[in-house]
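**Student:** pasted the sequence and its predicted model underneath.
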Amino acid sequence: MEARMKYFLDRYKQFGEIVPPQITLPQTLRVNTLRIGEQTLVARLHALGIRLAKIPWLKHGYRVEQAKFSLGASVESLLGYYYLQESAAQVPVEVLDPKPGELVLDCCAAPGGKTTQMAQQMQNKGVIIALEKKAHRLTSLRSNLERCGVANTAVYHMDAVKAAQLGLQFDKILLDAPCSGNYAGDAKWFDKRTIKDVLTSQRFQRNILKAAIDVLKPGGTLLYSTCSLEPEENELNMHWLLENRKVRLEPISLPIGDPGLTSFLGKPLHASIANCRRFWPHKTNTEGFFIARVRKQ
């Protein structure tokens with residue numbers, strides 16, 4: 001473990017970051033306004049001894065300051081009044097900004113946190129096609145959609161690389177890609193990750209990116225995100241995409257996060273990658289995250 005930890009921490013120093021090997025993140029949730037009004041829920045939980053603090057850079061996100069019981073097993077959770085969702089994980093859907101009436105693709109949907117968030121933002125209007133490759137994850141996806149009152153989503157057991165088989169062109173696409181993760185979201189991350197895992201993830205991600213761009217309407221928006229800190233899964237994928245598809249990276253206006261890296265180990269990358277956002281856990285007090293907004297030309 002020590003050698004692996006040192007390897008990754010030394011890498012982060014090359015990107016300009018002195019990263020502590022451990023971090024404790026607050027519990028956070030998203031109020032589901034498809035089921036209940038925001039202030040109504042805050043008051044209801046307050047009466048039960050739950051203290052919440054609004055996260056100022058999220059629409060419906062709250063930090064749990066005090067809880068007398070497990071928030072994952074409450075009546076309010078079972079009724080779908082809120083979704084326990086890490087704060088950085090709430091950002092991709094807000095940046096994608098799916099609108100009522102649009103046709104939206106969710107490439108890797110389970111367990112459904114971002115799918116339910118998109119339905120909420122779309123006010124259950126329009127259509128979401130939610131794809132999930134792994135059969136055993138479909139149960140949690142369907143359960144969360146039902147629990148949260150989602151009525152505009154069709155679920156397909158399908159690998160996103162085969163999205164063209166749907167015969168559809170989408171207004172917007174969410175590609176929250178399978179990735180190698182990060183140490184802030186997994187206390188044992190350094191024990192089990194190697195650079196080989198990162199490169200394996202990169203190959204899968206590029207295959208899905210190609211398929212997703214091909215089913216995006218001209219002028220449409222794809223939101224690419226990972227919970228990885230590794231440039232191979234993030235900035236290098238965006239550099240590769242800019243080289244291989246007619247797309248551009250649009251600026252992301254957020255009061256949190258750093259610009260994407262525009263060089264990697266001495267190699268310059270496309271300058272527009274600075275438009276992406278990179279969440280370093282020790283700076284944002286969130287999981288590590290990377291977000292890119294891609295516009296098809």
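**Tutor:** Okay, I see it. Numbering: from 1, shown residues only.
**Student:** drop to CA atoms for contacts and neighbour counts, all remaining ones
**Tutor:** Noted.
**Student:** would you mind writing the CA trace of stretch 230-243 as PDB?
**Tutor:** The C-alpha trace of stretch 230-243 is given here as PDB (Å, rounded to 0.1, in the frame of the first residue of the first chain):
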ATOM      1  CA  GLU A 230      -6.300  10.700 -13.000                       C
ATOM      2  CA  PRO A 231      -5.700  12.800 -16.100                       C
ATOM      3  CA  GLU A 232      -5.700   9.600 -18.300                       C
ATOM      4  CA  GLU A 233      -9.400   9.300 -17.500                       C
ATOM      5  CA  ASN A 234     -10.100  13.000 -17.700                       C
ATOM      6  CA  GLU A 235      -8.000  15.600 -19.600                       C
ATOM      7  CA  LEU A 236      -6.300  13.100 -21.800                       C
ATOM      8  CA  ASN A 237      -9.700  11.700 -22.900                       C
ATOM      9  CA  MET A 238     -10.900  15.200 -23.700                       C
ATOM     10  CA  HIS A 239      -7.700  15.900 -25.700                       C
ATOM     11  CA  TRP A 240      -8.300  12.600 -27.600                       C
ATOM     12  CA  LEU A 241     -12.000  13.500 -28.200                       C
ATOM     13  CA  LEU A 242     -11.000  16.900 -29.600                       C
ATOM     14  CA  GLU A 243      -8.600  15.200 -32.000                       C
END
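**Student:** in contact with residue 219, which residues?
**Tutor:** Taking Cα atoms under 8 Å, 6 or more residues apart in numbering as the criterion, residue 219 is in contact with 295-297.
**Student:** secondary structure class for it?
**Tutor:** In the three-state summary, residue 219 is assigned as strand, counting by DSSP: H, G, I helix; E, B strand; the rest coil.
**Student:** do you know how far residue 270 is from residue 255?
**Tutor:** Per Cα to Cα, to the nearest Å, residue 270 is found 23 Å from residue 255.
**Student:** what's the answer for residue 176, then?
**Tutor:** Distance, residue 176 to residue 255, using Cα to Cα: 21 Å.
**Student:** who's more crowded, residue 270 and residue 255?
**Tutor:** Comparing residue 270 with residue 255 by other Cα atoms under 10 Å, the one with more neighbours is residue 270, at 17 against 8.
**Student:** model confidence for that one, exactly?
**Tutor:** pLDDT, the model's per-residue confidence, is 98 for residue 270.
**Student:** same question for residue 1.
**Tutor:** Per-residue confidence at residue 1 stands at 60 (pLDDT).
**Student:** swap in residue 22?
**Tutor:** Residue 22 is assigned a predicted lDDT (pLDDT) of 89.
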